[in-house]
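Participant: fold the following.
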Amino acid sequence: MSHKRVAILISGGGSNMVALVRSMTGDHPARPVLVLANRPDAGGLKRAAALGVPTAMVDHRPFGADRTAFEAALTAALEQARPDIIALAGFMRILTPAFINRWKGRMLNIHPSLLPKYRGLHTHARAIKAGDAEAGCSVHEVTAELDGGPVLGQARVPILPDDTPETLAARVLEQEHRLYPAVLKRFAAGDRTPLYL
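Facilitator: Numbering: from 1, shown residues only. Coordinates of the predicted model:
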């Protein structure tokens, strides 16, 4: 069987990337073909190389405010790997509609909230401040609307009385490492039904 080719975009340590890469074995319908970072110091690059996945780096800083040029360089690196699916895993750059449309229907992201709640940043602090009983994470298809594409899966954790954004983030991250691989496997097999863990 021909496996779907997955490129994973990261900006930092890449813990979700590692969970995705480790899941793509055996009867999994996909395989990792590239881990691409936008920072030379992204710890995930070494972790990906140690797992035997090709890596690339396109530093966003020399491009300044020129997102089009940065994304052209990203696209060039991605096209060499010919991915069927792009998984954003802690990739901290806002992508333009032109880039998103280029990979329409093939790009996934994980977000640390129960979307549509708390799009954007500081999700855990916002959930605690709002007095929510639970938090969690969502995997969604990437569209031009920030954190706004169709939700493909969610996992929930309770918010405890003494939670800080850090303790909550750690518990949510454990669920991210379960949810993202499970959704990717289904997505690669052509199943877009939302998964609730």
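
Participant: what about the closest residue to Glu141 other than its chain neighbours, how many neighbours?
Facilitator: Of all residues not flanking Glu141 in the chain, Gly149 sits nearest, at 3.9 Å (Cβ to Cβ, 6 or more residues apart in numbering). From N, CA and C alone the C-beta is placed, and that goes for glycine too. Counted with other Cβ atoms under 10 Å, the neighbours of Gly149 add up to 22.

Participant: that's a strand at Gly149, yeah?
Facilitator: No. Checked against DSSP: H, G, I helix; E, B strand; the rest coil, Gly149 lies outside a strand; its state is coil.

Participant: now it. Its backbone dihedrals?
Facilitator: Torsion angles at Gly149 (phi, psi; degrees, to the nearest 10) stand at phi -80, psi 170.

Participant: could you list the domains of the protein?
Facilitator: Domain assignment of the chain by automatic domain parsing yields the ranges 1-103, 110-145+154-197.

Participant: include mean neighbour count and mean pLDDT when you put the ones you listed into JSON lines, please.
Facilitator: Below are those laid out as JSON lines (neighbours: other Cβ atoms under 10 Å; pLDDT from 0 to 100):
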{"stretch": "domain 1-103", "mean neighbour count": "18", "mean pLDDT": "96"}
{"stretch": "domain 110-145+154-197", "mean neighbour count": "17", "mean pLDDT": "97"}
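
Participant: picking that back up, quick check: the residue nearest to Glu141 vs His111, distance?
Facilitator: 10 Å (Cβ to Cβ, to the nearest Å).

Participant: what's the overlap in contacts for those two?
Facilitator: His140 (Cβ atoms under 8 Å, 6 or more residues apart in numbering).
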